[in-house]
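Asker: Pasting the sequence and the predicted model now:
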Amino acid sequence: MQKLFGQVLITQIVADEFKEKLPDWISIQSPADIKNQLVLESILDKGEASSIALALEKENCLLIMDESMGRKQAKRLGLTITGTLGVLAQAKQSGYLTTIRPLLDKIQETDFRLSKQLIQETLNQVGE
């Protein structure tokens, strides 16, 4: 992610959910206007709500989010979004990864759920 995006911003709520030390290329920032976050918290969890609220305040922001309800709200608000598969595909297309299939296999061994159709579409997109 660092090679693709340089500096990555996350909110304190997301950092707390991560529960591990963050690399130095990830910065923590809170939304300046908490009102958007509070409104979004009525339909999303705090991590997604804070991330969308922060993204709304940034120019040319790419929001990385996998949770479907959060993605729907972000799209509705006009944000540019991608998810884990999009990041992996971009990393391969940029030459930072030679293959993404082993990473997708590892992801499928966790409780992170991706549809088989989406996985296949991504593999087709990157020529695997």
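Answerer: Looks like it came in fine.
Asker: Dead centre of the protein: give me the residue that sits there.
Answerer: Ile64 (2.1 Å; Cα atoms, centre = their mean).
Asker: so what's that one bridging to?
Answerer: Counting by DSSP bridges, Ile64 is bridged to Thr82.
Asker: got a list of what it touches?
Answerer: Counting by Cβ atoms under 8 Å, 6 or more residues apart in numbering, Ile64 touches Ile81, Thr82, Gly83, Thr84, Gly86, Val87. (Glycine included, C-beta is placed from N, CA and C.)
Asker: could you say which helix or strand contains the fifth one?
Answerer: Gly86 belongs to helix 84-93 when assigned by DSSP states H and E.
Asker: any idea how far the nearest residue to Leu123 once chain neighbours are set aside lies from Lys35?
Answerer: Of all residues not flanking Leu123 in the chain, Arg101 sits nearest, at 6.5 Å (Cβ to Cβ, 6 or more residues apart in numbering). Distance, Arg101 to Lys35, using Cβ to Cβ, to the nearest Å: 43 Å.
Asker: Can you tell me the SS state at Ala32?
Answerer: The three-state label given to Ala32 by DSSP: H, G, I helix; E, B strand; the rest coil is coil.
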